[in-house]
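A.B. asks: this is a predicted model, with the sequence first.
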Amino acid sequence: MSLLPFFQWCDSTWIGVTIRQSRYLFPVIETVHLLGLALLLGTTIIISLRLFGIGMRRQPVAQLAEDLAPWTLGSLIVMLLTGFLLFLSEALKCYDSRPFRLKMAFLLAAILYQFTIYRRFARSSSAALRPVWSGVVAAISLGLWFGVGLMGRAIGFY
Ligand code: HEM
């Protein structure tokens with residue numbers, strides 16, 4: 001089943017057309033997209049470094065993960081909303097864009113991983129007792145989010 005009719009519909013929505021015809025809306029929305037990215041990656045990097053045993057060692061990993069969870073979730077919601085607005089403004093470009101498809105694949109994997117294995121591991125009291133596994137769990141999370149960001153950047157070039 002081709003997704004082309006869905007992408008054509010998204011591209012023709014009044015929101016998509018308004019952003020596309022505006023000189024400022026796309027860059028303003030993309031700036032918020034990048035600020036959301038900074039907060040999302042910021043909270044994930046802090047917890048991942050802690051899982052690597054680097055920084056904030058007086059704070060238990062589980063406490064840090066719990067305290068930062070609302071910021072991670074809030075920034076993810078901002079990314080999804082602003083990303084969808086950017087997508088509506090150039091849906092047909094995204095349809096032909098391999099980086100966009102790879103980005104969506106990375107994004108799905110990153111979100112599933114973040115709210116299952118990563119969250120369960122970071123919040124378990126035994127995380128600190130298993131440094132090697134902590135490192136592996138943290139490295140996979142950083143790799144997935146880096147993939148989303150890299151493909152997001154590549155959309156504008158390929
Ligand atoms: C947490 C999730 C996300 C991350 C980390 C992310 C990351 C990025 C990055 C780094 C850029 C490049 C910005 C630049 O070139 O200055 C970007 C642009 C973009 N993103 Fe996202 N993004 C996310 C979610 C989404 C979603 C859900 C969508 C669509 C459904 C989306 C659609 C786009 C589009 C269309 C662009 C503009 C590409 C262009 O320059 O033409 N993003 N994103």
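C.D. replies: Happy to help now that I have it.
A.B. asks: contacts only, for the closest residue to Arg119 other than its chain neighbours.
C.D. replies: For Arg119, ignoring the flanking residues on the chain, the nearest one in space by CB to CB, 6 or more residues apart in numbering is Ala65 at 7.1 Å. Quick note: C-beta positions are derived from backbone N, CA and C, even for glycine. Taking CB atoms under 8 Å, 6 or more residues apart in numbering, we find Ala65 in contact with 47, 119, 122-123.
A.B. asks: repeat that with 10 Å
C.D. replies: 43, 46-47, 50-51, 59, 72, 118-119, 121-124, 127 (CB atoms under 10 Å, 6 or more residues apart in numbering).
A.B. asks: the residues you listed, buried ones only, as a PyMOL selection?
C.D. replies: Listed next is the PyMOL selection for buried residues among the contacts of Ala65, using 16 or more other CB atoms under 10 Å:
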select buried, resi 43+46+47+50+51+72+118+119+121+122+123+127
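A.B. asks: do any residues in the helix or strand harbouring Thr72 lie close to the ligand?
C.D. replies: Using DSSP states H and E, Thr72 maps to helix 61-89. Yes. Counting by CB under 6 Å from any ligand atom, the ligand is contacted by helix 61-89 at 76, 79-80, 83-84, 86-87.
A.B. asks: number of nearby residues for the residue lying closest to Ala154 once chain neighbours are set aside?
C.D. replies: Using CB to CB, 6+ apart and skipping residues adjacent in sequence, the residue nearest Ala154 is Pro99, 3.7 Å away. Residues near Pro99, counting by other CB atoms under 10 Å, number 18.
A.B. asks: also Glu30?
C.D. replies: Around Glu30 there are 17 residues (other CB under 10 Å).
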